[in-house]
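Visitor: Can you look at this prediction? I've put the sequence above it.
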Amino acid sequence: MTSLRAKFVRRTTRAFFKTIDAEKADVHAMRKTWHAAAKVLWTASKVKVEQAEVNRLHAEWLRPEGSPEDKLLLYLHGGAYVMGNCATHRQLVSYLAKYSGIKALLPEYRLAPEHPFPAAIDDAVDLYRSLLADGYAAENIVIAGDSAGGGLTMATLLSLRHAGDPLPAAACLLSPWLDLAATGESMTTRAKKDPWFQPEDMPIVAAYYCREEELKSPLVSPVYAYLSGLPPIYIQVGEDEILLSDSTRAAEKVKAAGGEVEIEIWPGMWHVFQAFLLQVPESKKAAKKIGAYVRRALRCDPVAP
């Protein structure tokens, strides 16, 4: 049964998203507002935040007390490829670092429309390679991301696989945006249930990132890629989001290609519900499960409760 807190957050956030007109929205103004508002979010206790520049990108290291130096969670933030930064995702990633006991790196890749496809992928791939050059072993890295960051995570894996680079130990996807062409059946079946997004808005948002003829490119929309030869993948997605089919189709393709994938569909939940871990018990539970998965993927003992 969905908690009362989840129902309240769902209702209040739905009211906010109903005020947004995708056709008339000024993406730069929205970016500025979200980035500024996010500065009030606090981080998990006993997690140190360090500003850094990694491979020419501004980034933050989030280090839980006692975290091993040789293991790393690389987190690629969401925001539809047009917004999002360290401030917007610091809170969520600090708790994922705390729950996993693994330090996290949160970079700010280039955003559209100023820097459309494939700029974000180039940044993520180059940053990953720089980590390897700095001495991190691929088997000691997990890549994760939410929404567009989940799509970017998959595109990064595909790019690394194609180039023959060593792949990370695993990947975690939170409500990933994997089909910018918006062809999944959940665009119809979840249209009335999704508290945030409407199917007709997706092409408007996607157009900031890529051209129409690129929508089904495997690196733009990984559901159209051949998903073989990838590391184990863990997916969490809300039952009521129009992007549900992005996750289910990707999971099916990974399994069909002989890969390892675990997908969880959370009843009554919406897009990137994990971000509300301080308000919603389901969100906190999901974040803790991600932490445990990262810990297992990196062959670490469980974190003490």
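Guide: Noted; the coordinates are in hand.
Visitor: Sort out which residues of stretch 296-304 are buried, please.
Guide: Using 16 or more other Cβ atoms under 10 Å as the burial criterion, the residues of stretch 296-304 that qualify are Arg296, Ala297, Leu298, Cys300, Val303. In short, each C-beta sits where N, CA and C put it, glycine included.
Visitor: Help me confirm that the third one comes into contact with Ala138.
Guide: No - at 11.4 Å, Leu298 does not count as touching Ala138 under the criterion of Cβ atoms under 8 Å.
Visitor: Let me know how buried the closest residue to Ala87 other than its chain neighbours is, in neighbour terms.
Guide: Among residues not flanking Ala87 along the chain, Ala38 sits closest, at 4.1 Å (Cβ to Cβ, 6 or more residues apart in numbering). Close neighbours of Ala38, defined as other Cβ atoms under 10 Å, add up to 16.
Visitor: Please apply the same query to the one 10 residues further on.
Guide: Using other Cβ under 10 Å, the number of residues around Lys48 comes to 14.
Visitor: what's the spacing between it and Ser94?
Guide: Lys48 sits at a distance of 9 Å from Ser94 (criterion: Cβ to Cβ, to the nearest Å).
Visitor: Need the residues touching each of these two.
Guide: Counting by Cβ atoms under 8 Å, 6 or more residues apart in numbering, the shared contacts of Lys48 and Ser94 are Leu62.
Visitor: can you put the buried residues of stretch 296-304 in TSV and add distance to Pro281?
Guide: Listed next are the buried residues of stretch 296-304 as TSV, based on distance: Cβ to Cβ, whole Å:
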residue	distance to Pro281
Arg296	23
Ala297	25
Leu298	26
Cys300	25
Val303	19
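Visitor: which of those residues sit farthest apart?
Guide: Between any two of these, the greatest separation by Cβ to Cβ is 13.7 Å, found for Ala297 and Val303.
Visitor: Adjacent strands (with direction) for the strand or helix carrying Ala59?
Guide: Ala59 is part of strand 57-64 when elements are defined by DSSP states H and E. Strand 57-64 has the following strand partners under DSSP bridges: strand 47-54 (antiparallel), strand 104-107 (antiparallel).
Visitor: Just the buried residues of the last one, please?
Guide: Taking 16+ other Cβ under 10 Å as the neighbour-count basis, strand 104-107 is seen to contain the buried residues Ala104, Leu105, Leu106, Pro107.
Visitor: Make JSON lines from those and add pLDDT to it.
Guide: Putting those into JSON lines (pLDDT from 0 to 100) gives the following:
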{"residue": "Ala104", "pLDDT": "98"}
{"residue": "Leu105", "pLDDT": "99"}
{"residue": "Leu106", "pLDDT": "99"}
{"residue": "Pro107", "pLDDT": "98"}
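Visitor: between the residues you listed, which is nearest His77?
Guide: Distances from His77 to those, taken by Cβ to Cβ, are shortest for Leu106, at 6.7 Å.
Visitor: ok, now which ones touch that closest one?
Guide: Leu106 neighbours (Cβ under 8 Å, 6+ apart): Ala59, Glu60, Trp61, Leu62, Tyr75, His77, Cys86, His89, Arg90, Val93.
Visitor: cutoff 10 Å now
Guide: Residues near Leu106 by Cβ atoms under 10 Å, 6 or more residues apart in numbering: 49, 52, 54, 58-62, 73-77, 85-90, 92-94, 96-97, 149.
Visitor: any idea how far it is from Thr156?
Guide: According to Cβ to Cβ, Leu106 and Thr156 sit 15 Å apart.
Visitor: how about the helices in this structure?
Guide: Secondary structure of the chain (DSSP state H): helices at 4-17, 27-37, 86-100, 119-133, 148-163, 186-189, 202-209, 244-256, 281-297.
Visitor: Next, count neighbours for Lys255.
Guide: Neighbours of Lys255 using other Cβ under 10 Å come to 13.
Visitor: now do Arg56
Guide: Quick note: Arg56 (other Cβ under 10 Å) scores 9 neighbours.
Visitor: Make 51 the first number, not 1, from now on.
Guide: Will do, 51 is the new start, and the previous item becomes Arg106.
Visitor: one step back: surely the residue nearest to Ala137 touches Lys82?
Guide: No - counting by Cβ atoms under 10 Å, Ala88 sits too far from Lys82 to count as a contact (11.1 Å).
Visitor: Point out where this structure drops to low pLDDT.
Guide: The model of the chain has pLDDT under 70 over residues 353-355.
Visitor: now with 80?
Guide: Within the chain, the segments meeting pLDDT under 80 span 352-355.
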